[in-house]
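>>> Sequence first, then the predicted structure:
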Amino acid sequence: MDDNELTAIALPSPPLSEEEAKNRALPAHLHGLAERARDYAEASSSANTRRAYASDWKQFLKWCRRQQIEPHPDPQVVGLYITALASGTAAPLLKAAAVSTIERKLSALAWNFAQLGERLDRGDRHIATVLAGIRNTQGRPPVQKEAVLGPDLIAMLETLDRGALRGLRDRAMLLLGFAGGLRRSEIIGLDVGPNQTQDGTGWIEVVDGGLILNLRGKTGWRSVEVGRGSTDATCPVVGLKTWLKLARIEHGPLFRRVVGGGSDVGPERLRDRQVARLVKRTAMAAGVRGDLPEGQRELAFAGHSLRSGLASSAEVDERYVQKQLGHASAEMTRRYQRRRDRFRVNLTKAAGL
């Protein structure tokens, strides 16, 4: 198999593969519908997911080429591949992959094969039993990012310059991300209003009681209510309105790059990784979890720290937190609750011991 053939397989064109497109030429009057179908197929998954799946697919193709085998959805071949991943012999990784990584790569293979009109049977014994063995042998509790609690967030806000546009933007992002329990992609995907940009994944509405965030997620649209804070300094509504006013943003992406030496705002939307960098930088500057070793602290915080921080801080009925985070089950919400005051409820003593 030469590089041209690999490239053709590595870049399937949903909903039809290139080979299918050649064999099924459409009448000219259907070309517009075909383009729209491709747009809808692309919108079925997030940009981050597609990038990860493309990377995983290319890695699988390289492994097949090194083994001198065809990249077909043969369960036995895929079983050998995940064995190589788990044992650390699948170049270029050359280190044992985590169980969660292997499961994601399997999903990537299934998705990419589907785009080529083929089916990968993940329930086949050559895959299912090997994966079960990997879970039993190498499975371990997931490494979770540290939650940013309410007092932590207040300390982080104090590290930002209130007199600078960048500081006002970052305050609004932290407050909105925390109070809304948002993913970093949801934060930067917001627009000022509906249908204003092609890459927007939601928009805001300012109402009397606070904000309503209309978000497009993996399972469709949902609305998130963000109420006003007890003080202007910690109010996400005040923070957002201040940013919009001084940045003179009335249309398009909500959170943008600050340019011109910090004196102006550009048209470009921020990238989601900048949310993670902001959380990490301000948490470090504020001394959050100063009890941890410095190297461990640097790895402890990310964009998800805001989302898990709300779940861990809000002293309300769990159902409201579940709704805010958009979780289908209470069990998923509990995974986000990371309290530092362990043994707050001592069931041993409560039982009379």
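Received it, and whenever you're ready, just let me know what you need.

>>> Could you give the number of residues near Gly133?
Burial of Gly133 is recorded as 12 neighbouring residues (other Cβ atoms under 10 Å). Using the backbone N, CA and C atoms, a C-beta is placed for each residue, glycine as well.

>>> for Gly266, same thing?
11.

>>> That one touches Arg256, doesn't it?
Yes: in this structure, Gly266 is within contact of Arg256 by Cβ atoms under 8 Å, at 5.7 Å.

>>> how about the helix or strand containing Gly177: buried residues?
According to DSSP states H and E, Gly177 maps onto helix 165-180. Residues of helix 165-180 classed as buried by neighbour count (16 or more other Cβ atoms under 10 Å): 165, 167-180.

>>> tell me how far stretch 282-299 is from the chain's mean position?
Distance of stretch 282-299 from the chain centroid (Cα atoms, centre = their mean, to the nearest Å) equals 23 Å.

>>> Ok, stretch 213-226 next?
With Cα atoms, centre = their mean, you get 14 Å for stretch 213-226.

>>> how about that stretch as PDB, C-alpha atoms only?
The C-alpha trace of stretch 213-226 is given here as PDB (Å, rounded to 0.1, in the frame of the first residue of the first chain):
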ATOM      1  CA  LEU A 213     -27.400  30.400  27.700                       C
ATOM      2  CA  ASN A 214     -28.700  28.500  24.700                       C
ATOM      3  CA  LEU A 215     -26.200  25.700  24.100                       C
ATOM      4  CA  ARG A 216     -25.800  23.100  21.400                       C
ATOM      5  CA  GLY A 217     -24.300  19.900  22.800                       C
ATOM      6  CA  LYS A 218     -23.800  16.300  21.900                       C
ATOM      7  CA  THR A 219     -27.500  15.400  22.500                       C
ATOM      8  CA  GLY A 220     -29.100  18.600  21.100                       C
ATOM      9  CA  TRP A 221     -29.900  22.000  22.500                       C
ATOM     10  CA  ARG A 222     -30.300  22.900  26.100                       C
ATOM     11  CA  SER A 223     -30.800  26.100  28.100                       C
ATOM     12  CA  VAL A 224     -28.800  27.000  31.100                       C
ATOM     13  CA  GLU A 225     -29.900  29.700  33.600                       C
ATOM     14  CA  VAL A 226     -27.100  31.800  35.200                       C
END
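
>>> mind checking how far stretch 108-125 is from the chain centre?
For stretch 108-125, the distance to the chain centre is 23 Å (Cα atoms, centre = their mean).

>>> Alpha carbons only: can I get it in PDB?
Only the C-alpha atoms of stretch 108-125 are listed here, as PDB (Å, rounded to 0.1, in the frame of the first residue of the first chain):
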ATOM      1  CA  ALA A 108     -12.500   6.400  16.300                       C
ATOM      2  CA  LEU A 109     -12.000   3.200  14.300                       C
ATOM      3  CA  ALA A 110     -15.700   2.400  14.400                       C
ATOM      4  CA  TRP A 111     -16.600   5.900  13.200                       C
ATOM      5  CA  ASN A 112     -14.000   6.000  10.400                       C
ATOM      6  CA  PHE A 113     -14.900   2.500   9.100                       C
ATOM      7  CA  ALA A 114     -18.500   3.600   9.100                       C
ATOM      8  CA  GLN A 115     -17.600   6.600   6.900                       C
ATOM      9  CA  LEU A 116     -16.200   4.000   4.400                       C
ATOM     10  CA  GLY A 117     -19.400   2.000   4.500                       C
ATOM     11  CA  GLU A 118     -17.900  -0.700   6.600                       C
ATOM     12  CA  ARG A 119     -18.800  -2.000  10.100                       C
ATOM     13  CA  LEU A 120     -16.500  -2.800  13.000                       C
ATOM     14  CA  ASP A 121     -18.100  -5.300  15.400                       C
ATOM     15  CA  ARG A 122     -16.800  -4.200  18.800                       C
ATOM     16  CA  GLY A 123     -18.800  -7.000  20.400                       C
ATOM     17  CA  ASP A 124     -16.800  -9.700  18.600                       C
ATOM     18  CA  ARG A 125     -14.800 -11.900  21.000                       C
END
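
>>> what about that stretch, average pLDDT?
On average, the pLDDT along stretch 108-125 is 92.

>>> For the stretch 1-150 of the chain, which segments are assigned as helices?
3-10, 18-23, 31-42, 47-67, 75-87, 99-115, 125-138, 150-157 (DSSP state H, counting those that start in this stretch).

>>> by contact count, what packs against the longest one?
Yep, that's helix 47-67 we're talking about. Counting by 3 or more Cβ pairs under 8 Å, 6 or more residues apart in numbering; DSSP states H and E, the packing neighbours recorded for helix 47-67 are helix 3-10, helix 75-87, helix 99-115.

>>> Identify whichever of these lies nearest to Val275.
Among the helices and strands packed on helix 47-67, the nearest to Val275 by Cβ to Cβ is helix 99-115 (21.2 Å).

>>> now the closest one and helix 75-87, what's the angle there?
On the basis of axes from the mean of the first three to the mean of the last three Cα atoms, to 10 degrees, helix 99-115 is oriented at 150 degrees to helix 75-87.
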